[in-house]
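Asker: Take a look and give me a structure for this.
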Amino acid sequence: MNQCGLCERDLEAGYLCPGDTLALGERLERMPKLYGALAGFLSPAVRATTEFVSRSHATASLPVDEAVLDLRYGGIALVLEGWRSDVQRVRGWGEPAITGDVEERVRRAARWLGMELPWIAAAYPAAGDLACEVRELEGAALSIVGALPDRGRRIGQCVAVDSSGVICGAVIRHQPGQTRLVCDWCHCVYATEQDWLLLLHHQPAESA
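Answerer: Numbers count the residues shown, from 1 in each chain. Have a look, this model is predicted:
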C-alpha cells in the first residue's frame, strides 16, 4: 500500500490522493492568473498598503519589489517548467521546448502539467513534492496579491479541436448570468444552445 505524497493518507495505488490531485489541478489552473495579478505589485509602494510586515524606516525603498520580481521573472515559470521537464524525463520523453515570453511559458507549463495530472497522481513518485512546491508557490503569490476574484463554476473542458486534431482541454468556467463563454486558452466561443450541448456532450468521463 502506498501513501499520498502530500497528506500521507494511505492509498491502494498511486502517489497522490484524489483530494490533493484536485487541489493541485486547481492551483495549476490559477497560476497564470496569479502571475498576471503580480504585475500590479511590482512597485513597493503598491504593496505597502496590503502587507502587514513592517519595514525599517532606515531602509530605502527599491524601485521594484524583489519578492514580486522573483516570482514574475523566474520563480513561477522555472518551478513549473522544472517539474514538466522531470515528468517528461521519467516518462522517457525529451526535454520540453522553452519558447515565448514568461507569461506564455507559465501558461504553457501549467496547462501541460494539468493535462498530465492523471498520470502524475497514478505513476509519478515525486507527485507529492510537485504538489507541495506548487502549493508553496501559490501561497507566496497570494501573500502579495491577496485572494483572487471568484472564478465561477467549473463547466468542463474546452472541446475545440485545432488544425492538427488536438483537443484544447482548457477549463471552462461560468459566472452567474453569463450567456457567452470564451475559452481563456484558445478563445473558442460558446454562445448558442448548440454550442453548450456540444461542450457538455464531449466532456471526458471524469468531467461530465
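Asker: out of everything not next to it in sequence, what's closest to residue 17?
Answerer: Once flanking residues are discounted, residue 17 sits nearest to residue 4: 4.0 Å by C-beta to C-beta, 6 or more residues apart in numbering. Every C-beta, even on glycine, is put in place using the N, C-alpha and C of the backbone.
Asker: contacting residues for that neighbour?
Answerer: Residue 4 makes contacts with 10, 11, 15, 16, 17, 20, 128, as judged by C-beta atoms under 8 Å, 6 or more residues apart in numbering.
Asker: Quick one, which of those residues are buried?
Answerer: Buried residues within the contacts of residue 4, counting neighbours by 16 or more other C-beta atoms under 10 Å: 11, 15, 16, 17, 20, 128.
Asker: show me what contacts the fourth one?
Answerer: Residues in contact with residue 17, defined by C-beta under 8 Å, 6+ apart, are 4, 6, 7, 9, 11.
Asker: Next one: the first one from residue 179, what distance?
Answerer: This means residue 4. Counting by C-beta to C-beta, to the nearest Å, the gap from residue 4 to residue 179 is 40 Å.
Asker: Next, the nearest residue to residue 81 once chain neighbours are set aside: phi, psi?
Answerer: Leaving out its chain neighbours, the residue that sits closest to residue 81 by C-beta to C-beta, 6+ apart is residue 109, at 4.9 Å. Residue 109 adopts backbone torsions of phi -70, psi -40, taken as degrees, to the nearest 10.
Asker: No further queries at this time; thank you.
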